[in-house]
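K.L.:
pasted the sequence and its predicted model underneath.
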Amino acid sequence: MIISIASGKGGTGKTTVAVNLALTLKDIIPVKLLDCDVEEPNAHLFLKPEFIEKDIVTLPIPQIDKKKCTLCGKCIKICAYHALARVGKKVLVFEELCHGCGGCSLLCPEGAITEINKEIGFVEKAIVKGIEFIRGTLTIGSALAPPVIKKVKSRISKDKLNIIDSPPGTSCPMINAVSGSDYCILVTEPTPFGLNDLKSAVESVRELEIPFGVIINRAGLGDKIIEDYLFEEKIPLLLKIPFNKLYAKSYANGNILIEDYPNLKQDFLQLWNFIEGRIKA
Amino acid sequence: MNEIVILSGKGGTGKTTVTALLAALSANAVLADCDVDAANLHILLKPEIKETFEFLGSQKAQINSYKCKGCGQCEKVCRFSAIKDFKVNSIFCEGCRVCYNICPEKAIDMIDTLAGHWYISDTKYGPMVHAKLGAAEENSGKLVSVVKKAAREIAEKAGKIIITDGPPGIGCPVISSLSGANLVLIVTEPTASGFHDFERLLNLANNFNVTIKVVINKFDIAEKKAREIEKYCINKGIEVIGKIPFDEEIIKSISEGIPPVLYSSGLAVQALKGIALSLFNDFGK
């Protein structure tokens, strides 16, 4: 089973929900937490794991054999990302623009292009606090998050509950992280920003045809706008986590909420019961 | 040309609020919302749209079932797992054209897709360029470039500076929004996540030829963490040009469409005035 936690907007509390849900459920069911926010992974700040495995994620980048290349220009013409260009008597590769589609090496009439693996990130594994934790990290300066996200997701186990911490937004990284989930939890906050971005996120999960519900984090002041919207759209409100300076402080220091405030465990358990019912129905 | 880009690494730190306030205090800027994936600046600045443009994303492959003989080569060469049972899943298609180029029957067409819209608008504080990416659409980095280019053209003509609200993260759209900027203002918050993501962003920004300055937002929520971040900046030789206290007045004032300087004289506005002064001084304004 795969549950993803997404939000549209950043900073709404995705990681908080993912970590606390995972640690609440580990006593009932084997849990794997996968941090797919590879640009800014954060779950490890709370779990403080010791990683026991590390896999490099690479992207196949063309390498041109000058001796074989006849400068016919076919590779330049077919590259949809403008990653190849002729400069003088050489074809240059702009690695940052390459998506690793393999078209140039496949179609070069001279067989002058081979592919070399360029490191764009890594995936790590840890066993911590009774759960399996997988984290993906995008190399700084690399633009392509989706291949790293795919590599993290290749670690999904069928016999476990897989909880995915998604990147913010609704474009490629988020879509890659969330697709294939059995259920998606959208986390929002009761501000006009929160509502605006929640609407985009709702559109995206509907497009992906994934059942979903919403958690309102920092609930309290003026959260009616979100609740009104959910009511109109017939979207289930899964949970409200109240705004509380003590919770904010616990988060700021990198503590785990249910460890500091065990009474919250009950809320996450109810959340799980609801979602499990929905998935099985 | 003078362009300030406001970034944060982590989302939700207050980039957009800071951008809007600088816009209100500057009165001589073109505003650009480069967080095209979760654009929010319009909520605060209430732009009046003057011109709307279509944004075409990457092309997507489409299989013509009359011509297709089912050889399956397209599926074999697609590295993005976008083709299954002779159908293209447009969400995963990256428009690389490998299938189009390899198909022996010429049964694959590359179709332009409408991935979103972008706008040139007027606000009380100056012209604004912003965009909306369609749900589940990609290419946000490319759309960021489009928004930046339009803002630059307007700014050059009018002799204004550009204030850009950037996207979160360190990936493709952030790299796009950094290109050509003179100054990056990083807004961070005093939390473990905020600090961590700030560090990663700093490592990225150091590869660009930009001046980096830092603002710590909501510093009074965790003052110890805020001091930690400050110390880190001093050690790295980065100037912390302001610390903003947690203050709901600001967001209230802008959502009501009143410039915060008129609405509130609270501590947060005072802090922001100081930040604006220091920034605009650097730009000889």
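P.N.:
Ah, there it is. Since the model is a prediction, treat every value here as computed from it, not as a measurement.

K.L.:
report the contact partners of the nearest residue to residue A:179 once chain neighbours are set aside.
P.N.:
With CB to CB, 6 or more residues apart in numbering or on different chains as the criterion, residue A:179 has its nearest non-adjacent residue at 5.6 Å, and that residue is residue A:208. C-beta coordinates here come from the backbone N, C-alpha and C atoms, glycine included. For residue A:208, the contacting residues are A:175, A:178-179, B:91, B:136, by CB atoms under 8 Å, 6 or more residues apart in numbering or on different chains.

K.L.:
distance check, residue B:17 against residue B:135.
P.N.:
25 Å (CB to CB, to the nearest Å).

K.L.:
let me fix that, I meant to ask about residue A:147.
P.N.:
Applying CB to CB, the value for residue A:147 to residue B:135 is 22 Å.

K.L.:
before we move on, what about residue B:28?
P.N.:
Residue B:28 is 36 Å from residue B:135, by CB to CB.

K.L.:
what about residue 98, how many residues nearby?
P.N.:
Reading this off chain A. If you count neighbours by other CB atoms under 10 Å in any protein chain shown, residue A:98 ends up with 22.

K.L.:
nope, chain B
P.N.:
25.

K.L.:
so who does the residue lying closest to it once chain neighbours are set aside touch?
P.N.:
Once flanking residues are discounted, residue B:98 sits nearest to residue A:103: 4.1 Å by CB to CB, 6+ apart. Going by CB under 8 Å, 6+ apart, residue A:103 touches A:75, A:78-80, B:96-98, B:101.

K.L.:
picking up where we left off before, could you check which of residue B:17 and residue B:135 is surrounded by more residues?
P.N.:
residue B:17 (25 against 19).

K.L.:
doesn't that one belong to a strand?
P.N.:
No - per DSSP: H, G, I helix; E, B strand; the rest coil, residue B:17 lies outside any strand segment and is helix.

K.L.:
wait, it sits on residue B:44?
P.N.:
Yes - Residue B:17 lies in contact with residue B:44 (CB atoms under 8 Å); the separation is 7.1 Å.

K.L.:
packing partners for the strand or helix carrying residue A:54?
P.N.:
Secondary structure assignment for residue A:54, by DSSP states H and E: strand A:53-64. Here strand A:53-64 touches strand A:90-93, helix A:103-107, strand A:113-128, helix A:146-153, going by 3 or more CB pairs under 8 Å, 6 or more residues apart in numbering or on different chains; DSSP states H and E.

K.L.:
where does pLDDT dip in the stretch 1-150 of chain B?
P.N.:
B:1 (pLDDT under 70).

K.L.:
switch the cut-off to 90
P.N.:
In the prediction, the stretch 1-150 of chain B carries residues with pLDDT under 90 at positions B:1-2, B:10-12, B:25-28, B:37-38, B:57-58, B:90-92, B:133-141.

K.L.:
could you pull out the helices in it for me?
P.N.:
Ranges of helices in the stretch 1-150 of chain B, per DSSP state H, counting those that start in this stretch, are B:15-26, B:41-45, B:73-77, B:98-102, B:140-158.

K.L.:
off-centre distance for the first one?
P.N.:
Right, helix B:15-26. 14 Å (CA atoms, centre = their mean, to the nearest Å).

K.L.:
touching chain A at all, it?
P.N.:
Yes - judged by CB under 8 Å from any CB of the partner chain, helix B:15-26 and chain A are in contact via residue B:16.

K.L.:
check the last one too.
P.N.:
Yes - counting by CB under 8 Å from any CB, contacts between helix B:140-158 and chain A involve B:140-141.

K.L.:
quick one: the next helix or strand after that helix near chain A?
P.N.:
Toward the C-terminus, helix B:140-158 is succeeded by strand B:161-165 as the next helix or strand (DSSP H and E). No - with CB under 8 Å from any CB as the measure, strand B:161-165 is seen stopping short of chain A, the closest distance being 11.7 Å.

K.L.:
how much space between the residue nearest to residue B:98 and residue A:78?
P.N.:
Remark: distance between residue A:103 and residue A:78 (CB to CB) = 5 Å.

K.L.:
neighbours around the closest residue to residue B:120 other than its chain neighbours, how many?
P.N.:
Leaving aside its chain neighbours, residue B:120 sits nearest to residue B:51 (4.4 Å; criterion: CB to CB, 6+ apart). By the criterion of other CB under 10 Å, residue B:51 has 10 neighbours.

K.L.:
quick one: residue B:51 and residue B:234, what's the gap?
P.N.:
45 Å.

K.L.:
residue B:244 now?
P.N.:
Residue B:244 is 19 Å from residue B:234, where distance means CB to CB.

K.L.:
who has more neighbours, those two?
P.N.:
Using other CB under 10 Å, the more surrounded residue of residue B:244 and residue B:234 is residue B:244, with 26 against 11.

K.L.:
got a list of what the residue nearest to that one when sequence neighbours are not counted touches?
P.N.:
Residue nearest to residue B:244 in three dimensions, not counting chain neighbours: residue B:271, with 4.5 Å by CB to CB, 6+ apart. Contact partners of residue B:271, counting by CB under 8 Å, 6+ apart, are B:242-245.

K.L.:
can you select the buried ones among those residues for me in PyMOL?
P.N.:
Selecting only the buried entries of the contacts of residue B:271 in PyMOL, with 16 or more other CB atoms under 10 Å in any protein chain shown as the criterion:
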select buried, chain B and resi 242+243+244
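
K.L.:
just the contacts of residue B:271: which are in strands?
P.N.:
The strands, defined by DSSP state E, take in B:242-244 from these.

K.L.:
could you measure from the closest residue in space to residue B:31 that isn't next to it in sequence over to chain A?
P.N.:
Nearest-residue entry for residue B:31: residue B:128, 4.2 Å, with adjacent residues in sequence omitted and distances by CB to CB, 6+ apart. Note on residue B:128: its distance to chain A, by CB to the nearest CB, to the nearest Å, is 16 Å.

K.L.:
re the thing from before, common neighbours of residue B:17 and residue B:44, please.
P.N.:
With contacts taken as CB under 8 Å, 6+ apart, residue B:17 and residue B:44 have residue B:254 as neighbours in common.

K.L.:
what about the helix or strand the residue nearest to residue B:244 falls within, average pLDDT?
P.N.:
Taking DSSP H and E as the definition, one finds residue B:271 inside helix B:267-282. Averaging pLDDT along helix B:267-282 gives 89.

K.L.:
and the stretch 51-200 of chain B, which residues reach chain A?
P.N.:
Proximity of the stretch 51-200 of chain B to chain A, by CB under 8 Å from any CB, involves residues B:58-59, B:77, B:79-80, B:91, B:94-98, B:101-102, B:133, B:135-141, B:167-175, B:190-193, B:196-197, B:200.

K.L.:
go with 6 Å
P.N.:
B:79, B:91, B:94-98, B:101, B:135-136, B:138, B:140, B:168-172, B:175, B:191-193, B:196-197, B:200 (CB under 6 Å from any CB of the partner chain).

K.L.:
kindly write the PyMOL command that selects the buried subset of those residues.
P.N.:
For the buried members of those, the matching PyMOL selection, counting by 16+ other CB under 10 Å, is:
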select buried, chain B and resi 79+91+94+95+96+97+98+101+135+136+138+140+168+169+170+171+172+175+191+192+193+196+197+200
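
K.L.:
now the strands for chain A?
P.N.:
Counting by DSSP E, chain A has strands at residues A:2-6, A:31-35, A:53-64, A:84-87, A:90-93, A:113-128, A:131-138, A:161-165, A:183-188, A:212-219, A:237-242.

K.L.:
parallel or antiparallel, which strands does the first one pair with?
P.N.:
Just to be clear, that refers to strand A:2-6. Under the criterion DSSP bridges, strand A:2-6 sits next to strand A:161-165 (parallel), strand A:183-188 (parallel) in its sheet.

K.L.:
I'd like those as JSON lines, with mean pLDDT and mean neighbour count appended.
P.N.:
Listed next are these as JSON lines, based on pLDDT from 0 to 100; neighbours: other CB atoms under 10 Å in any protein chain shown:
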{"stretch": "strand A:161-165", "mean pLDDT": "98", "mean neighbour count": "25"}
{"stretch": "strand A:183-188", "mean pLDDT": "97", "mean neighbour count": "26"}
